[in-house]
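Visitor: here are the coordinates; sequence isn't available:
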Ligand SMILES: O=P(O)(O)OC[C@H]1O[C@H](O[C@H]2O[C@H](CO)[C@@H](O)[C@H](O)[C@H]2O)[C@H](O)[C@@H](O)[C@@H]1O
């Protein structure tokens with residue numbers, strides 16, 4: 001969280017746009033909106049899409065620039081903007097008692113994003129380690145509440161960072177879901193260990209192919225990093241000179257234009273290539289609630305904590321269901337469907353610790 005700053009951006013969640021076919025997506029302004037859809041089309045249309053593609057690339061570069069710390073420093077109204085933003089999205093720590101009142105009589109279920117939420121943002125994605133104190137906190141949390149990690153990362157990679165077998169894991173933006181492998185209160189009587197869902201498995205060979213091509217295509221751009229997340233691929237910009245961002249996006253586009261079944265979403269100094277299926281973190285949240293037996297229940301209170309645009313799908317899902325709440329992790333004003341905010345992973349840990357203590361106290365009082 002410390003290295004990434006965020007300015008007000010478009011509210012569109014990645015899921016919103018994912019349902020549009022390429023032609024409709026072309027009419028949507030992409031600034032901060034989630035993704036570019038590049039499709040193989042008959043020649044005349046392709047020309048139009050290429051022009052639109054360039055426009056989108058420029059818009060995407062602008063959006064990435066706007067969210068970089070150097071640009072934020074020159075924003076005079078930032079403090080004022082932040083004050084009014086925090087009134088709309090108050091700190092989940094300050095509002096802890098109210099939040100707990102809202103959950104009264106309901107089963108809390110926890111959903112946690114990984115990067116920027118449980119671990120601070122760092123330059124090297126392979127070194128985004130979680131602190132031992134955060135691990136201890138999440139372990140305790142899972143003793144009292146069913147807990148899932150929902151991430152854009154490959155499931156196995158995030159498991160290696162978190163190393164808690166009692167959790168649910170939804171990797172590749174929810175396209176790779178797995179139940180706990182260690183028995184806990186929440187899976188003893190259920191079929192949790194058997195929970196396994198991979199709605200995009202047919203895309204595996206395509207994703208591997210695209211990964212290889214992206215590795216090759218982007219190797220001429222210093223600092224670019226391509227990460228294979230199994231059902232999606234990330235192309236990292238964080239260590240690339242800003243002047244080279246457009247070039248890098250053109251390299252990505254040149255690969256993607258041959259794959260109309262893949263789409264592009266934007267994250268924190270990263271673009272993510274994923275299947276065009278109607279599946280996102282919001283759908284994963286819903287799937288996990290069903291797996292836990294809360295399909296049509298009113299007595300469930302899901303809490304989703306995340307920092308990125310792809311988490312907006314989950315925040316929106318909770319709003320649509322009228323259940324629980326979303327907490328956005330951000331130090332800077334950002335348009336969101338979450339209800340509350342926390343500034344950085346340390347505050348996330350504090351919030352989780354308070355939840356554990358609250359539960360312990362309420363159990364003792366029984
Ligand atoms: O859904 P998430 O768990 O938030 O995953 C989204 C992406 O997170 C990772 O990238 C981000 O964190 C990196 C490490 O701090 C940082 O270097 C990068 O700039 C961020 O975008 C991950 O590496 C990506 O594959 C995920 O898609």
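Guide: Good, I have the coordinates. Nothing here was measured: the structure is a model prediction, and the numbers come from that model.

Visitor: Over to the residue nearest to residue 300 when sequence neighbours are not counted. Which of the three states is it?
Guide: Counting by C-beta to C-beta, 6 or more residues apart in numbering, residue 300 lies nearest to residue 294, which is 4.1 Å off, once chain neighbours are set aside. In short, each C-beta sits where N, CA and C put it, glycine included. Using DSSP: H, G, I helix; E, B strand; the rest coil, the structure places residue 294 in coil.

Visitor: so residue 294 touches residue 106, yeah?
Guide: No - counting by C-beta atoms under 8 Å, residue 294 sits too far from residue 106 to count as a contact (9.7 Å).

Visitor: Need the residues touching each of those two.
Guide: Contact criterion C-beta atoms under 8 Å, 6 or more residues apart in numbering; residues shared by residue 294 and residue 106: residue 300.

Visitor: Who has more neighbours out of the two?
Guide: residue 294 (20 against 16; other C-beta atoms under 10 Å).

Visitor: how far away is the more buried one from the ligand?
Guide: Relative to the ligand, residue 294 is positioned 23 Å away (C-beta to the nearest ligand atom, to the nearest Å).

Visitor: what do you get for residue 246?
Guide: In terms of C-beta to the nearest ligand atom, residue 246 sits 18 Å off from the ligand.

Visitor: Equivalent analysis for residue 83, please.
Guide: Counting by C-beta to the nearest ligand atom, the gap from residue 83 to the ligand is 27 Å.

Visitor: can you check residue 54 too?
Guide: Distance from residue 54 to the ligand, by C-beta to the nearest ligand atom: 24 Å.

Visitor: do residue 182 as well
Guide: 22 Å.

Visitor: Now for that residue: which residues touch it?
Guide: Here residue 182 is in contact with 165-166 (criterion: C-beta under 8 Å, 6+ apart).

Visitor: make it 10 Å
Guide: 142, 164-167, 193 (C-beta atoms under 10 Å, 6 or more residues apart in numbering).

Visitor: What pLDDT does the model give it?
Guide: You'll see residue 182 listed with a pLDDT of 75.

Visitor: any idea which helix or strand carries it?
Guide: Under the criterion DSSP states H and E, no helix or strand holds residue 182.

Visitor: What residues does this structure have near the ligand?
Guide: Listed as neighbours of the ligand in the chain under the rule C-beta under 6 Å from any ligand atom: 113-116, 121-123, 125, 128, 151-153, 227, 229, 234, 236, 238, 267-270, 272, 308, 310.
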